[in-house]
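**Student:** pasted the sequence and its predicted model underneath.
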Amino acid sequence: MAEAAGTPLPRTVTAARGTVTLRRLGPADVDGLDALYRSLPAQDRYQRFFTEAGPTRRTLERYVALLDRPGAGVVAVAGDGSIVAEAGYARLAGGDGEFGITVAAGWRGLGTVLLDAVVALAAEAGVAGLQADVLAGNRAMLALAAKQGYALIHIPDRSVVRLIMGTDGPVPPWPAGTPSPRLLVETPAGQWRGAPAAEAAGLHVVSCRGPGSPAPGRCPVLDGRPCPLVEGCDAVVVALPAGDPARPALLRAHRRRGKRAMEHGTFGTTDPAAASVKVEACRPPTPSPF
Ligand SMILES: CC(C)(COP(=O)(O)OP(=O)(O)OC[C@H]1O[C@@H](n2cnc3c(N)ncnc32)[C@H](O)[C@@H]1OP(=O)(O)O)[C@@H](O)C(=O)NCCC(=O)NCCS
């Protein structure tokens, strides 16, 4: 089912269960989406909408309008005309897109091709980042997003992760409009335990897996290439395990590029007062070298 990401729509895609047509979502698809959402097992609906009840007709109409413009959506249509998968993004105020996706239970495997198609549409429209709120236990969605590559935007709710995927490669940019001071955390844990204290102290935290990322391209910094997350931050916390050889390598690479880079233990991770001291350390000095 390999497809070139930028392949024009409509096009046919051969899935394990049969052939589908992939095309742009349009205003006439409200009934088809309604039928798709009603057909889902309750748990899938919950993972998609955070409630077992599907969207109301009015919500669906608004959603389809949003995905049609200024966002974009795609649907996979089976031979009998039913919509068996949908994905799309709605434009967020800052300029990123808010991403959502559904694949009918019998058609799993289509998610990758739909995500690729939406990423291509977003890139064409100049949308650099696609954000999604995903239940922390939604392993299928997290595995799908990992194939594209993602970073986590810190939010207080631990049951949900807010991720951002880039439309221009495996490492996403900072969420559009994130103010300074921006703190990047490289941690294999996904969610960094120091994030609440850092946020309470006024830092904006994004974490990435660094060299542990399963996305193609892994960690550009270790390959001597620029990383959009590092380039866009004011400071980096390297929170890899002490014995991990990537830890000193990352610290050296960040400092060579003029970035303030701290080890996890030197940050003051759990105490908001200690973190607040670091706010100033994360602010770019004047004149800014960043
Ligand atoms: C999330 C969802 C869209 C994924 O669709 P899909 O067709 O299964 O996606 P794909 O098969 O292309 O890719 C998913 C990857 O995750 C893997 N995966 C699936 N379930 C998994 C699980 N429980 N644990 C770990 N990996 C899993 C798949 O094997 C696949 O990887 P592979 O291609 O390397 O084999 C689909 O599960 C779905 O519609 N879920 C309900 C709605 C939802 O959660 N939407 C997301 C909210 S934004």
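**Tutor:** Sure thing, it's come through. Quick caveat: nothing in here was measured; it's all calculated off a predicted structure.
**Student:** C-alpha only now, for contacts and for neighbours.
**Tutor:** Will do.
**Student:** buried sites along stretch 120-128?
**Tutor:** Residues of stretch 120-128 classed as buried: A120, L121, A122, A123, V127, A128 (neighbour count, 16 or more other CA atoms under 10 Å).
**Student:** with stretch 10-23 instead?
**Tutor:** Buried, per 16+ other CA under 10 Å, within stretch 10-23: V13, V20, T21, L22, R23.
**Student:** for the stretch 51-200 of the chain, what spans make up the strands?
**Tutor:** 72-77, 83-91, 97-103, 129-135, 150-153, 160-166, 182-186 (DSSP state E, counting those that start in this stretch).
**Student:** so does the longest one get close to the ligand?
**Tutor:** What it means is strand 83-91. No: figure legend: strand 83-91 not in contact with the ligand (CA under 6 Å from any ligand atom); closest approach 7.5 Å.
**Student:** and that strand, how far from the chain's centre?
**Tutor:** Taking CA atoms, centre = their mean, to the nearest Å, one finds the center of strand 83-91 at 15 Å from the center of the full chain.
**Student:** who are the packing partners of it?
**Tutor:** Packed against strand 83-91 by the contact rule (3 or more CA pairs under 8 Å, 6 or more residues apart in numbering; DSSP states H and E) you find helix 30-39, helix 57-68, strand 72-77, strand 97-103, helix 111-124.
**Student:** tell me the most buried of these?
**Tutor:** strand 72-77 (a mean of 26; mean count of other CA atoms under 10 Å).
**Student:** kindly provide the whole-number mean pLDDT of it.
**Tutor:** Average pLDDT, strand 72-77: 97.
**Student:** contacting residues around that strand?
**Tutor:** 20-26, 66-67, 83-90, 114, 117-118, 121-122 (CA atoms under 8 Å, 6 or more residues apart in numbering).
**Student:** can you check stretch 172-192 too?
**Tutor:** Contacts of stretch 172-192 (CA under 8 Å, 6+ apart): 94-96, 128-129, 149-154, 164-166, 202-210, 212-213, 228-230, 232-240, 279, 282-283.
**Student:** show the buried residues in the residues you listed.
**Tutor:** 95-96, 128-129, 149-154, 164-166, 202-210, 212-213, 228-230, 232-240, 279, 282-283.
**Student:** leaving out sequence neighbours, find the closest residue to the spatially most central residue of the chain.
**Tutor:** Centroid-nearest residue in the chain, with CA atoms, centre = their mean: I164, separated by 2.3 Å. Counting by CA to CA, 6 or more residues apart in numbering, I164 lies nearest to Q131, which is 4.3 Å off, once chain neighbours are set aside.
**Student:** ranking the helices and strands packed on strand 83-91 by mean pLDDT, which is last?
**Tutor:** Minimum mean pLDDT among these: helix 57-68, a mean of 89.
**Student:** so, in contact with the ligand or not, that one?
**Tutor:** No: using CA under 6 Å from any ligand atom, we find that helix 57-68 stays clear of the ligand, coming within 13.9 Å at best.
**Student:** ok and that helix relative to strand 83-91, angle-wise?
**Tutor:** 70 degrees (axes from the mean of the first three to the mean of the last three CA atoms, to 10 degrees).
**Student:** re earlier: what about the residue nearest to the centre of the chain, distance to the ligand?
**Tutor:** According to CA to the nearest ligand atom, to the nearest Å, I164 stands 12 Å off from the ligand.
**Student:** up against the ligand, what does the stretch 101-250 of the chain have?
**Tutor:** Counting by CA under 6 Å from any ligand atom, the residues of the stretch 101-250 of the chain near the ligand are 101-103, 108-112, 132, 134, 139-141, 143-144.
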